[in-house]
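give the three-dimensional model of this entry:
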Amino acid sequence: MELIRKALPQTQWQTDKIAKVLKGRTLEETCSNIWHFVYQHIQYRRDKEGVEQVRSPRRAWWDRKDGVDCDCYTVFILSILRSLKIDCLARITKYPKKYRKYLDGNMYILSFRSQVTWKITLKNVTGT
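Numbers count the residues shown, from 1 in each chain. Down below sits the predicted model:
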């Protein structure tokens, strides 16, 4: 999470234009637009074992066909939400080693506005 915290202020400007395109009429519509855009346009691929890459939104877009992992999705999505001035945060789930072949850790992005909570779930969608 520390890498993500450091990357966001430096890279948020990279999503200012796409944020305007994905903005919906409601928070729910906006979050849905963002999730569907990322899901449809950026391939998932787990980082190599022992290597952690946190890509900027521009780099994630460049690597979109080869795939990026959930950390990169998170930076991309949080940058869009923050470009739209939507309060948000990320949470990570982790599981004991003995369960990792069945359960991957997940990253959740939560946005808050007017007592509405919207959860964008990022998970391994390839089954690997």
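
count the residues that sit near S79.
Look at S79: counted by other CB atoms under 10 Å, it has 25 neighbours. (C-beta placed from N, C-alpha, C; glycine too.)

ok, now how distant is M1 from R82?
Going from M1 to R82 by CB to CB, to the nearest Å gives 15 Å.

next: Y44.
Distance of Y44 to R82, computed by CB to CB: 22 Å.

which one's more surrounded, M1 and R82?
R82 (18 against 13).

thinking the more buried one is in contact with Q12, fair?
Yes - if you go by CB atoms under 8 Å, R82 and Q12 touch, sitting 5.4 Å apart.

just checking, R46 touches C72?
No - taking contacts as CB under 8 Å, R46 lies outside contact range of C72: 10.9 Å.

for these two, indicate the residue with more neighbours.
Between R46 and C72, counted using other CB under 10 Å, the more crowded position is C72 (28 against 13).

that one contacts V54, correct?
Yes - under the criterion of CB under 8 Å, C72 makes contact with V54 at 6.5 Å.
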